[in-house]
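Asker: Below is the structure, and that's it, no one-letter string:
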Ligand SMILES: NC(=O)c1ccc[n+]([C@@H]2O[C@H](COP(=O)([O-])OP(=O)(O)OC[C@H]3O[C@@H](n4cnc5c(N)ncnc54)[C@H](O)[C@@H]3O)[C@@H](O)[C@H]2O)c1
Ligand SMILES: O=C(O)C1=N[C@H](C(=O)O)CCC1
């Protein structure tokens, strides 16, 4: 059994991750923590997640529970995540990171630290369907080429803190890869006013925020006289949480290094 510690255990994702870890035949929920001051600190993580008493008291720091687990699953906030990375490295614990909003510098530090100290799966979206969509977008972009304009639209709930979503950025990167472009050079994240005609190589990424939308992404390939739209819609958070549990079971037996859901799902060569 792989012992799992859930960071941000009372968050929207944290609760569903506790549930999915509890359901997984190879995982056990061994630790849970929140940020200091969270009203659920001291309560049972299973009770908060709606699975009944799990015998896991929610602590107020990772340090307080680090000895209880083998793998830390983190869906919290980017600044907190980078602190957890330092602690995981010091204690040689594996990580699954779903938190989005990590900067390019954060990702460089994460790669260096994981390579030196612990196995880590990091992905902006852990749903199987989205990871297949990433690959479809890369292939569609490569086949359609420059004649088709690439635009990405994402929609999420009103509580989401980062924009555009990590998933939309990854879709942009996969399209850019298929087209031999660099998203950092061709990404267009806002349009307003007399902006002139669209340039041939740009990849637009637009954001919608409202209500309780779980997560929707569409990649448009708009060409002469036709367009293709590739869409993923999440109906609930269990596809993300289930992917995180799958990644935790997988990463526990991997050598040090940084992995993605493509590795977990066997999609690397697809
Ligand atoms: N990779 C994926 O598949 C995927 C799916 C959904 C959400 N996400 C990402 O997961 C993150 C969380 O999303 P959410 O909707 O659950 O947010 P949320 O705000 O509901 O939950 C975040 C939780 O983290 C806790 N937290 C923050 N700082 C902490 C700290 N220092 N120590 C311990 N706990 C801390 C908060 O108290 C909160 O309970 C976001 O970055 C989101 O984009 C990723
Ligand atoms: O609810 C969120 O927040 C989500 N964030 C991820 C992202 O930024 O891509 C994945 C979808 C849900």
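Answerer: Alright, I've got the coordinates. This one's a predicted model, so the numbers in the text were calculated from it and none came from an experiment. Numbers count the residues shown, from 1 in each chain. Ligands and ions are numbered 1, 2, ... in the order given.

Asker: Phi and psi next, for residue 131.
Answerer: Here is the backbone geometry of residue 131 (degrees, to the nearest 10): phi -70, psi -30.

Asker: Around it, count how many other residues there are.
Answerer: 23 (other C-beta atoms under 10 Å). Quick note: C-beta positions are derived from backbone N, CA and C, even for glycine.

Asker: Which residue is the nearest non-sequential neighbour of it?
Answerer: The shortest distance from residue 131 to any non-neighbouring residue, by C-beta to C-beta, 6 or more residues apart in numbering, is to residue 261 (4.8 Å).

Asker: what about the one you found, neighbour count?
Answerer: Quick note: residue 261 (other C-beta under 10 Å) scores 26 neighbours.

Asker: my guess is it contacts residue 251, does it?
Answerer: No. Using C-beta atoms under 8 Å, residue 261 is not in contact with residue 251; the gap is 10.8 Å.

Asker: Spell out which residues are contacts of both of the two.
Answerer: residue 121 (C-beta atoms under 8 Å, 6 or more residues apart in numbering).

Asker: ok, back up a step: which residues does the residue nearest to residue 131 contact?
Answerer: Here residue 261 is in contact with 121, 123, 125, 126, 131, 243, 247, 267 (C-beta under 8 Å, 6+ apart).

Asker: Over to the nearest residue to the fourth one once chain neighbours are set aside: give its phi and psi.
Answerer: Looking back up the chat, that one is residue 126. Once flanking residues are discounted, residue 126 sits nearest to residue 243: 2.9 Å by C-beta to C-beta, 6+ apart. Main-chain torsions, residue 243, degrees, to the nearest 10: phi -60, psi -40.

Asker: what pLDDT does residue 243 get?
Answerer: Per-residue confidence (pLDDT) for residue 243: 98.

Asker: What count of nearby residues applies to it?
Answerer: 26.

Asker: My guess is it contacts residue 124. True?
Answerer: No. The criterion here is C-beta under 8 Å, and residue 243 misses it with residue 124 at 11.3 Å.

Asker: what about burial for the contacts of residue 261, which qualify?
Answerer: 121, 123, 125, 126, 131, 243, 247 (16 or more other C-beta atoms under 10 Å).

Asker: Quick one: end-to-end length of stretch 206-223, please.
Answerer: End-to-end span of stretch 206-223 (C-alpha to C-alpha, to the nearest Å): 19 Å.

Asker: near ligand 1 at all, that stretch?
Answerer: No. Stretch 206-223 lies apart from ligand 1 when judged by C-beta under 6 Å from any ligand atom; the minimum separation is 6.8 Å.

Asker: any residues touching that stretch, and which ones?
Answerer: In contact with stretch 206-223 (C-beta under 8 Å, 6+ apart) are residues 125, 130, 133, 137, 140-141, 144, 147-158, 160, 163-165, 167-168, 171, 175, 227-237, 240.

Asker: and the residues you listed near ligand 1, which?
Answerer: 125, 240.

Asker: quick one: which of the contacts of stretch 206-223 sit in helices?
Answerer: 130, 133, 137, 140, 141, 144, 167, 168, 171, 175, 240 (DSSP state H).

Asker: count of residues packed around the fourth one?
Answerer: Put plainly, it is residue 140. Residues near residue 140, counting by other C-beta under 10 Å: 18.

Asker: For it, give its distance to residue 266.
Answerer: Going from residue 140 to residue 266 by C-beta to C-beta, to the nearest Å gives 21 Å.

Asker: just the fifth one next, same as before
Answerer: As judged by C-beta to C-beta, residue 141 and residue 266 stand 22 Å apart.

Asker: More neighbours: those two, which one.
Answerer: With neighbours defined as other C-beta under 10 Å, residue 141 and residue 266 compare such that residue 141 has more, 24 against 8.

Asker: where does that one land on pLDDT?
Answerer: 98.
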